[in-house]
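Chemist: how would this look folded up:
(one chain, ligands or ions: 1)
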Amino acid sequence: MEIITPIQAMRAVRRAEPELSWGFVPTLGALHEGHLSLVRRARAENDRVVASIFVNPMQFERQSDLQAYPRTVERDADLLNAEGVDVVWTPDEAEMYPPGFQTVVDVQAVTRRLEGEHRPGHLQGVTTIVTKLFNVVRPTRAYFGQKDAQQAAAVRRLVLDLSMDIAIVVCPTVREADGLAMSSRNVLLTQEQRAAAPVLYRALSEAVRAWEAGEHQAEILRSWMKTRIESEPLAQIDYISVADPDTLEELHGPVDRALLSLAVYFGDVRLIDNMTVS
Ligand code: PAF
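Modeler: Numbering: from 1, shown residues only. Next up is the predicted model:
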């Protein structure tokens, strides 16, 4: 496995084997089983696999969140090596954001609600860096987790809108035994918060079961999840949503297809999770 930092070196490796299929897994590092499931899928579907590790400052709205973000590059590289990754790209911040940087990629309506509304600038930071990473790696397929459903929807939209020849593969959320969605932020939870955090999974699963049992009113599904989360004293709701899975527009009345999603604080740690019904 090669570990590469300069953009030109990454381009050269990619250019050397233009005829092969290249799978790409972009990450912020602090890898867990969720990331590794993307890597395994990429490994199974492509001749070559590149994973990037870059804690992208542009997608953190709070400096404290950027600083608190776990950094475990050596361990990450070992995990990627064990999964048979060919190239780990660890871009340099100064090279990714050269002096005078002023170009952004703004996917419009899809990024305005939910995470876009509650974390201003976050999704623009994601779509800008993903575009830059794609421009250098030029992957055949790129892999994203369903846990960040809005991010995946925005990346799908940008690939379509900017005519990029890249297949976006969205993989299922990987969960701990108690249902908590895997996230690099989970390590920041105290023991008590960690014990409380599976309430997200329970709220979503119960809403899905209610929907399956015939309760299709968006308002009722939302209030069902709200009551469940409010029963947990350590949980502070940021948002609860029943939205169209493609446009992320909030839905009202009976729904036959929806993304149920939540963002909930445990102290300073913000967790998100979602499930779809269709
Ligand atoms: O989901 C993530 O880890 C990040 O948002 C991504 C896609 C690597 C962009 O920095």
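Chemist: strands of the stretch 151-278 of the chain, start to end?
Modeler: Counting by DSSP state E, counting those that start in this stretch, the stretch 151-278 of the chain has these strands, from start to end: 167-171, 235-243, 258-266, 269-277.
Chemist: now do the buried residues in the first one.
Modeler: When you say that, I think you mean strand 167-171. Residues of strand 167-171 classed as buried by neighbour count (16 or more other C-beta atoms under 10 Å): Ile168, Val169, Val170, Cys171. (C-beta placed from N, C-alpha, C; glycine too.)
Chemist: what's the most buried one of the strands of the stretch 151-278 of the chain?
Modeler: strand 258-266 (a mean of 23; mean count of other C-beta atoms under 10 Å).
Chemist: near the ligand, which residues of the stretch 1-150 of the chain?
Modeler: Counting by C-beta under 6 Å from any ligand atom, the residues of the stretch 1-150 of the chain close to the ligand are Pro26, Thr27, Leu28, Asn56, Gln59, Val126, Ile129, Val130, Asp148.
Chemist: got the contact list for Leu189?
Modeler: Counting by C-beta atoms under 8 Å, 6 or more residues apart in numbering, Leu189 touches Ala197, Phe266, Gly267, Val269.
Chemist: any idea of the pLDDT on it?
Modeler: On pLDDT, Leu189 comes in at 97.
Chemist: so how far is the ligand from the closest residue to Gly267 other than its chain neighbours?
Modeler: Of all residues beyond its chain neighbours, the one nearest Gly267 is Gln193 (6.0 Å), with distances taken as C-beta to C-beta, 6 or more residues apart in numbering. The spacing between Gln193 and the ligand, counted by C-beta to the nearest ligand atom, to the nearest Å, is 22 Å.
Chemist: got a list of what Gln193 touches?
Modeler: Leu234, Phe266, Gly267, Val269.
Chemist: how close does the residue nearest to the last one when sequence neighbours are not counted get to Val199?
Modeler: What that stands for is Val269. With sequence-adjacent residues excluded and distances taken as C-beta to C-beta, 6+ apart, Val269 is closest to Leu188, at 4.8 Å. As for Leu188, its distance to Val199 is 17 Å (criterion: C-beta to C-beta, to the nearest Å).
Chemist: including pLDDT and distance to Arg71, could the contacts of Leu189 go into TSV?
Modeler: Shown next, in TSV, are these (pLDDT from 0 to 100; distance: C-beta to C-beta, whole Å):
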residue	pLDDT	distance to Arg71
Ala197	98	22
Phe266	98	21
Gly267	97	21
Val269	94	17
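Chemist: quick check: closest non-adjacent residue to Thr103.
Modeler: Nearest non-adjacent residue to Thr103 (C-beta to C-beta, 6+ apart): Thr128, at 7.6 Å.
Chemist: confirm the one you found sits in a helix?
Modeler: Yes. Under DSSP: H, G, I helix; E, B strand; the rest coil, Thr128 sits within a helix.
Chemist: correct me, but it touches Met58?
Modeler: Yes. Using C-beta atoms under 8 Å, Thr128 makes contact with Met58 at a distance of 6.0 Å.
Chemist: so if I had to pick from those two, which one is more boxed in?
Modeler: Taking other C-beta atoms under 10 Å, Thr128 and Met58 do not tie; Thr128 has more neighbours (23 against 20).
Chemist: what's the pLDDT at that one?
Modeler: What the model reports as pLDDT for Thr128 is 98.
Chemist: who touches the residue nearest to Val170 when sequence neighbours are not counted in this structure?
Modeler: Take Val170 and drop its neighbours on the chain: the residue closest to it by C-beta to C-beta, 6+ apart is Ala152, 4.7 Å away. Neighbouring residues of Ala152 by C-beta under 8 Å, 6+ apart: Phe144, Gly145, Gln146, Ile168, Val170.
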